[in-house]
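Asker: Got a predicted structure plus its sequence, pasted below:
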Amino acid sequence: MSDDNKDLGDELNDMIGDAKDNAKKAGDKISQKTDEFKKEAKEFANEAKEKASEFSNEAKEVLSDGKNVAIIAHITIIGWIIALIMNGNNKTELGSFYIRQVLGIMLLAIVLGLIPVINFFAWILPFAMWIMSLIGSLSGEKKPVFLLGEQFQEWFKGL
């Protein structure tokens, strides 16, 4: 029986040794996979950081673009104020041009609207100017409105 016990003990020790070896192999494999995962996570984080930086730069470029400022200036008085603020941070020639055009058109509309006899018909001229100015800003070209466009540029050159 002692030989049987000895054989059983040897088998048990072999099994324990195998289990330890397998556990060590599994631990090594887990450690290797963890290192690979860490490396991939760092690469992903760096790539995400780079993409976020690119997006931020593109967003700044879009917001500082004179064409966008020019278009926003045409959207009511609030849009004009927003465009004025946006253009103040990063002045562009196109943005400034249309800020002056829209200011002139708005003031013309107010003045013509104060004349009682022609009040209703007086809104047609500024509205037509506004449409022409909006089309020019959408195309990204500096097109002064008919009749008073050049004067608007001279009168409001401080903007």
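Answerer: Received it, and whenever you're ready, just let me know what you need. Numbers count the residues shown, from 1 in each chain.

Asker: Would you mark the buried spots in the helix or strand hosting residue 135?
Answerer: Element membership of residue 135, judged by DSSP states H and E, is helix 124-139. For helix 124-139, burial by neighbour count (16 or more other C-beta atoms under 10 Å) applies to 125, 126, 129, 130, 132, 133, 134, 136, 137. Backbone N, C-alpha and C define where each C-beta goes, glycine included.

Asker: again, but for stretch 72-90
Answerer: Those would be 72, 73, 74, 80, 83, 84, 86, 87, for stretch 72-90 by 16+ other C-beta under 10 Å.

Asker: Report the distance from the longest helix belonging to the chain to the chain centre.
Answerer: Ranked by residue count and defined by DSSP state H, the top helix of the chain is helix 2-63. Distance, stretch centre to chain centre, for helix 2-63: 38 Å (C-alpha atoms, centre = their mean, to the nearest Å).

Asker: got it, and stretch 70-85?
Answerer: 18 Å.

Asker: got a list of contacts for that stretch?
Answerer: Here stretch 70-85 makes contact (C-beta atoms under 8 Å, 6 or more residues apart in numbering) with 69, 86, 94-95, 97-99, 101-103, 106, 130, 133-134, 137-138, 140, 159.

Asker: got the CA coordinates for it in PDB?
Answerer: Written as PDB, here are the backbone C-alpha positions of stretch 70-85 (Å, rounded to 0.1, in the frame of the first residue of the first chain):
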ATOM      1  CA  ALA A  70     -21.100  87.600 -44.100                       C
ATOM      2  CA  ILE A  71     -24.000  85.200 -44.200                       C
ATOM      3  CA  ILE A  72     -24.800  85.400 -40.500                       C
ATOM      4  CA  ALA A  73     -24.900  89.200 -40.800                       C
ATOM      5  CA  HIS A  74     -28.000  88.900 -43.000                       C
ATOM      6  CA  ILE A  75     -30.000  87.000 -40.300                       C
ATOM      7  CA  THR A  76     -31.900  89.800 -38.600                       C
ATOM      8  CA  ILE A  77     -30.400  92.400 -36.200                       C
ATOM      9  CA  ILE A  78     -29.300  89.600 -33.800                       C
ATOM     10  CA  GLY A  79     -27.400  87.900 -36.600                       C
ATOM     11  CA  TRP A  80     -25.800  91.200 -37.500                       C
ATOM     12  CA  ILE A  81     -24.600  91.700 -33.900                       C
ATOM     13  CA  ILE A  82     -23.300  88.100 -33.700                       C
ATOM     14  CA  ALA A  83     -21.400  88.700 -37.000                       C
ATOM     15  CA  LEU A  84     -20.000  91.900 -35.700                       C
ATOM     16  CA  ILE A  85     -18.700  90.100 -32.600                       C
END
